[in-house]
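Q: Fold the following.
(chains A and B)
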Amino acid sequence: MNQKLLVLFLLFASAAHAQTIAPPTAEISTKPGKISRGSFQIQNNALQPVAFTAEYYSVAFDPRGPHYQPVDASVTVELSQSSGRLGPKEIHRIDYKISCRVLPCAVAIKVGMVTGRTKDGMQVRIILPHFVYLAQSKRPRQDILTAAGLIQKGLIQKK
Amino acid sequence: MKWLASLPVLLLFASSVQGQLRLDGGTSTLFHGSGGQATMYLPNSTISGGLGYHDGHLLIGASDSFLFDGFKTTVGDQTLGFSFDGVGLGLALKGISASRVWKDECHAKPARRLGAVGYLGNCGNKVVSAVAFVGATGVGFFAPFATATRTQHIGSGALLQFQIRNLTLSSLDVVEGGKYSLAQGASYSDRHLRLSGSGGLLNSQKFFQGSATLQPIRPWSLYANHQSYFVPYAAQSNGVGTNLTAGRFTALAGLNESKSLGRTITGENVGAGVRVGFIREESTWYKATGQTLLVHTITETMRHWTLTEAIAQATGKNSYSFGGGYSGNRISVSVSHSVQFLLNGRGYQQTTGVQISFRIRDTVINAQTVTDPFGKTQYGAYAESYVQTGLQVAGHETHGRTGKFAIQGKCVLPDGSPVEGCAVVIDQEITYSNSRGEFSTHAKKKGVVPVSVPIAEFAAPGDWQVIEAPNCAAPDAPVRVVVQRL
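A: Coordinates of the predicted model:
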């Protein structure tokens, strides 16, 4: 019997974006002063290596959106890595520890990746943020954004 | 007799060509062969060449992909097909194919209103792609590390895909050696429903496979699937089931059916689980071929570690198994146990899988075992490496030091202004300065470590020279690097 090989394979579709961050947000239910741990991944889908830096900021929300400022003394942030090199097709995980003496608080970890340079000095840099929402409630992100007037309570779209 | 026909290196005068070179090599019993491949990504084309040993045959494959008059053209060994959620069909070809994609472009027009100029766009969501091909078709060797085709017949055909919003339709039509393959596929995906299926004629034999997942509410999902197999013998599998998650509690139930070698085997399973902190407990009851199996699994998940303990009760006897894994940026290892419904008439069986992966600079090495639907344990090992050709190669590793002793510093201009993108190598670990000019790393020992400033690896734009930089650094002694742009 002439057997044919049935090829079942997964097509590896290339990502729409060359560099990505996941997840873009994290919610942590915690207590004031307690150290909370988390992590996120940055991915380089390109064939060239990229250099990356990670910086953290406190985030204040108002009806116009987020506003970034240096962390004050009540917020402590520690990153496992603040910079490095992402190889081609590499996925890299960055761990962090955050402690807020006053809750709720929001921290943004901005990862900047240089994706290209020209000889005349022009540089292409992508900045991808990872937002961390900390509060004592069960839904820190909803509470922080509702208090800022960015969303109405009960209207958050479920994922 | 198997032998490794690995292709160590296929250098293509890399230093004189600007592009990226990808090298792959490996061996796998799942793919019945070994091989290696080199792929060169050039600005206007992609060239690959490979060597494989598959089912006792030595195969040579090569291909060149380029843009020709708006059509993506591939000459040589290639695969054509479609797949949705693992359900699909593929074709091995040694010939020529041309493809093109048409997208419905946005038609924007200015809005007539005061204030900020706005645009009312009318964007369609239609995508149409077509691939036409002609050449020699046959048995394909498609592994993550090599691609080659063992040609058997002359054939031609077309692959058409139409996508609108959440619906994708595909049609693969091939005529080869007097036989027809007419495979049609469709998939639909929205927030609550995912459907995918393909069917038709494969070498004049009927086949159908499909899957459906319904999630009416977030915690609850139902699924159903049907799969057809032809190798090593004809078999079909069917499954339906449901999953429910309520807070820290989970529940699942399912029915399975396999048809092979003239036998029909059915199986059922019911389970429940609970999560408390980092510990999760799950108990699942399985029944098939008149036998029952009860498995209790406890899993502890910490940041990088996972530990698993399982107790299986069957025919009055207990058996114990342990598993776990470590996942880091440089290395990942896991040993896992699971229960699989096999198509060889044995119903539910416990299977063990081992997976190891590690990265050395731009080279990734993977090895893993997998139990196929017929109960046979297969293994595979392969390596993938990227070489930047014609460009400066940044060869320093960076994996996130876990040492206790922080070494920090600042990169500035002669006037003290911070410089973002300075590359500083501290004890063979490359770091980059941020927008405040600051950089840091962690050393495992409290001692002096070497420091260098490779200008060639700066992420900052332009050309630079180092004005001042130390040769060594120590924890709690800030490093100061002064650079100047030329």
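
Q: May I see the buried residues of the helix or strand bottoming out on mean pLDDT in chain A?
A: Every helix and strand in chain A was compared by mean pLDDT, DSSP states H and E; the lowest is strand A:105-117, with a mean of 88. Buried residues in strand A:105-117, counted by 16 or more other C-beta atoms under 10 Å in any protein chain shown: A:105, A:106, A:107, A:108, A:109, A:110, A:111, A:112, A:113, A:114, A:115, A:117. Heads up, the C-betas are built off the backbone N, CA and C, glycines and all.

Q: Can you lay out these as JSON lines showing distance to chain B?
A: As requested, these are arranged in JSON lines below (distance: C-beta to the nearest C-beta, whole Å):
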{"residue": "A:105", "distance to chain B": "21"}
{"residue": "A:106", "distance to chain B": "20"}
{"residue": "A:107", "distance to chain B": "16"}
{"residue": "A:108", "distance to chain B": "13"}
{"residue": "A:109", "distance to chain B": "12"}
{"residue": "A:110", "distance to chain B": "9"}
{"residue": "A:111", "distance to chain B": "10"}
{"residue": "A:112", "distance to chain B": "8"}
{"residue": "A:113", "distance to chain B": "9"}
{"residue": "A:114", "distance to chain B": "4"}
{"residue": "A:115", "distance to chain B": "10"}
{"residue": "A:117", "distance to chain B": "5"}
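
Q: thinking again about what came up before, other SSEs contacting the least confident helix or strand of chain A?
A: Here strand A:105-117 is seen to pack against strand A:19-22, strand A:35-44, strand A:50-62, strand A:65-69, strand A:75-79, strand A:91-100, strand A:123-135 when contacts are counted using 3 or more C-beta pairs under 8 Å, 6 or more residues apart in numbering or on different chains; DSSP states H and E.

Q: how about JSON lines for those, with mean neighbour count, distance to chain B and mean pLDDT added?
A: Shown next, in JSON lines, are the helices and strands packed on strand A:105-117 (neighbours: other C-beta atoms under 10 Å in any protein chain shown; distance: least, C-beta to the nearest C-beta, whole Å; pLDDT from 0 to 100):
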{"stretch": "strand A:19-22", "mean neighbour count": "16", "distance to chain B": "13", "mean pLDDT": "92"}
{"stretch": "strand A:35-44", "mean neighbour count": "17", "distance to chain B": "7", "mean pLDDT": "94"}
{"stretch": "strand A:50-62", "mean neighbour count": "20", "distance to chain B": "4", "mean pLDDT": "93"}
{"stretch": "strand A:65-69", "mean neighbour count": "12", "distance to chain B": "11", "mean pLDDT": "92"}
{"stretch": "strand A:75-79", "mean neighbour count": "16", "distance to chain B": "9", "mean pLDDT": "94"}
{"stretch": "strand A:91-100", "mean neighbour count": "19", "distance to chain B": "6", "mean pLDDT": "95"}
{"stretch": "strand A:123-135", "mean neighbour count": "19", "distance to chain B": "4", "mean pLDDT": "91"}
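
Q: mind putting those strands in JSON lines, distance to residue B:350 included?
A: Conversion of the helices and strands packed on strand A:105-117 to JSON lines gives the following (distance: least, C-beta to C-beta, whole Å):
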{"stretch": "strand A:19-22", "distance to residue B:350": "33"}
{"stretch": "strand A:35-44", "distance to residue B:350": "31"}
{"stretch": "strand A:50-62", "distance to residue B:350": "42"}
{"stretch": "strand A:65-69", "distance to residue B:350": "50"}
{"stretch": "strand A:75-79", "distance to residue B:350": "41"}
{"stretch": "strand A:91-100", "distance to residue B:350": "31"}
{"stretch": "strand A:123-135", "distance to residue B:350": "39"}
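
Q: list the contacts for the residue nearest to residue B:471 when sequence neighbours are not counted?
A: Nearest non-adjacent residue to residue B:471, counting by C-beta to C-beta, 6 or more residues apart in numbering or on different chains: residue B:451, 6.2 Å away. Applying C-beta atoms under 8 Å, 6 or more residues apart in numbering or on different chains, we find residue B:451 in contact with B:424, B:425, B:426, B:469, B:470, B:471, B:472, B:473, B:479.

Q: For the third one, list each beta-bridge partner.
A: Just to be clear, that refers to residue B:426. Beta-bridge partners recorded for residue B:426 (DSSP bridges): residue B:429, residue B:451.

Q: Relative to residue B:469, how far out is it?
A: 11 Å (C-beta to C-beta, to the nearest Å).

Q: Show me which of these two is the more surrounded one.
A: residue B:426 (23 against 17; other C-beta atoms under 10 Å in any protein chain shown).

Q: Surely that one and residue B:473 touch.
A: Yes. Contact criterion C-beta atoms under 8 Å: residue B:426 and residue B:473 qualify, at 5.9 Å.
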